[in-house]
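>>> sequence and predicted structure below; questions after.
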Amino acid sequence: MVFDSFAEARKNGFLAMKKLKDSGKGVVGQFCTYTPLEIFMAADLVSVSLCSTSDETIPEAEKVLPANLCPLIKSSYGFAITDKCPYMYFSDLVVGETTCDGKVKMYELLGQTKNVHVLELPHRQTTPEAKALWRAEIVRLIERVEKDFGVAITDEMLKEAIRKRNMERRLLKEVYELSTMCPPPISGLRQLQILFGAQFKFDWQEKVEEIQNAIDSIKEAYENGERPIAEKAPRILITGCPMGGVTEKVVKVIEDAGAVVVAFENCTGAKQMDRQCREEGDPITNIADHYLNIGCSVMTPNPNRFELLYRLCDQFQVDGVVEMTLQACHTYAVESYTVKTFLKERNIPYLHLETDYGTSDIGQLSTRAGAFVEML
């Protein structure tokens with residue numbers, strides 16, 4: 001199956017990562033969509049997402065961290081201190097960012113055992129001061145990478161990395177835009193497997209070829225009459241916290257209720273794939289501007305999220321929006337009221353689901369998702 005490679009990418013990537021590390025490749029682990037991957041690509045390093053999506057190590061993390069902290073933070077820290085995450089284990093440098101207070105303090109603890117660099121992310125996007133600070137942070141990260149890995153990163157290297165990342169973003173955007181069709185050619189779970197799994201494929205050329213093959217296979221099956229989704233299935237967009245791993249349960253309960261998830265506005269989906277990085281001009285400024293304009297709830301105000309959200313609702317002809325927030329993710333939890341009001345003014349039905357990395361709430365999630373889909 002075309003999806004199997006992506007569905008198993010995180011697990012299978014462990015061996016690929018070890019081979020790369022054994023061959024002498026430098027590895028950078030990162031947590032957030034705001035981290036500019038072009039810098040690591042320009043330095044010929046391997047980059048990998050370290051956000052953990054399992055409750056397996058949370059009990060260990062809670063020996064140090066408070067129990068009422070975001071599960072993503074606790075899980076990530078737990079995998080780090082137990083050495084149960086090969087990606088964290090193999091990372092020569094771990095890059096964090098000041099998106100939320102919980103992460104910042106976790107990075108402080110993580111720095112006691114790992115080589116950690118924290119990006120100072122401004123929480124405004126349009127002021128000259130915020131833009132200047134963020135550009136300076138990009139320069140500081142470049143200097144850190146050059147120092148730690150003994151490389152010199154030129155403007156030409158950065159421009160080539162921007163070009164390659166733009167190609168990757170275009171292909172992944174093409175994947176999820178297939179679901180603008182009615183009925184969509186794949187389920188939301190299949191779409192998420194590709195979007196989430198792609199970040200654990202470390203050979204860029206092979207990755208873009210696999211994504212293109214997936215696109216071609218999906219189109220061919222559709223043209224041959226394969227219709228895995230019912231034409232009348234309500235079309236759902238998911239917004240909110242990052243998706244993947246255990247949080248796939250939210251997608252499953254929605255689709256088990258008879259709907260189909262056609263789009264993800266989250267970090268895993270359109271939030272990072274929707275726009276291209278400018279290729280002409282100063283590459284450092286282009287990278288800084290591109291990443292600073294990501295519409296995350298940590299930004300205040302946050303117009304870019306709402307512009308994208310409404311555009312996706314229109315483009316994908318959604319019947320309803322489900323917001324998934326992780327427990328104790330305060331910025332998304334607070335902004336959920338604004339999202340609800342924004343969608344209500346546009347007559348778009350909205351459901352807010354709060355969850356964690358456990359499975360004990362699946363029954364409750366199923367009940368609420370089922371009632372929402374039935375209402376549609």
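Great, that's in hand.

>>> can you pull the domain assignment for this protein?
What automatic domain parsing lists as the domains of the chain is 4-153, 157-375.

>>> how about these in JSON lines, adding mean pLDDT and mean neighbour count?
In short, each C-beta sits where N, CA and C put it, glycine included. Converted to JSON lines, the domains of the chain look like this (pLDDT from 0 to 100; neighbours: other Cβ atoms under 10 Å):
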{"stretch": "domain 4-153", "mean pLDDT": "95", "mean neighbour count": "18"}
{"stretch": "domain 157-375", "mean pLDDT": "97", "mean neighbour count": "19"}
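
>>> show me what the host helix or strand of Glu210 is packed against.
Assigned by DSSP states H and E, Glu210 belongs to helix 204-223. Under the contact definition 3 or more Cβ pairs under 8 Å, 6 or more residues apart in numbering; DSSP states H and E, helix 204-223 sits against helix 4-7, helix 155-177.

>>> and with 10 Å instead?
Packed against helix 204-223 by the contact rule (3 or more Cβ pairs under 10 Å, 6 or more residues apart in numbering; DSSP states H and E) you find helix 4-7, helix 9-22, helix 155-177, helix 188-197.

>>> Glu374: which of the ones you listed is closest?
Among these, the nearest to Glu374 by Cβ to Cβ is helix 188-197 (18.0 Å).

>>> list the helices and strands the closest one packs on?
helix 4-7, helix 9-22, helix 155-177, helix 204-223, strand 235-240, helix 248-256, strand 260-264, helix 270-273.

>>> redo that, cut-off 8 Å
In terms of contact count using 3+ Cβ pairs under 8 Å, 6+ apart, helix 188-197 is assigned the packing partners helix 4-7, helix 9-22, helix 155-177, helix 248-256, strand 260-264.

>>> looking at the ones you listed, which is nearest to Arg190?
Using Cβ to Cβ as the criterion, the shortest distance between Arg190 and those is 8.5 Å, found for helix 4-7.

>>> residues touching the closest one, excluding its own?
Counting contacts by Cβ atoms under 8 Å, 6 or more residues apart in numbering, the residues outside helix 4-7 that touch it are Gln193, Ile194, Phe196, Gly197, Ala198, Glu210, Ala214.

>>> equivalent analysis for stretch 168-183, please.
For stretch 168-183, the external contacting residues (Cβ under 8 Å, 6+ apart) are 184-186, 188, 191, 194-195, 198, 204, 207-208, 211-212, 214-215, 218-219, 222, 227, 229-231, 233, 235, 260, 262-264, 269-270, 272-276, 315-317.

>>> what about it, distance to the chain center?
Here the centre of mass of C-alpha atoms in stretch 168-183, compared against the chain's by Cα atoms, centre = their mean, to the nearest Å, lies 16 Å away.

>>> just send the helices and strands packed on helix 188-197 back as CSV, with distance to Asp44 too.
Below are the helices and strands packed on helix 188-197 laid out as CSV (distance: least, Cβ to Cβ, whole Å):
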stretch, distance to Asp44
helix 4-7, 24
helix 9-22, 11
helix 155-177, 9
helix 248-256, 33
strand 260-264, 30
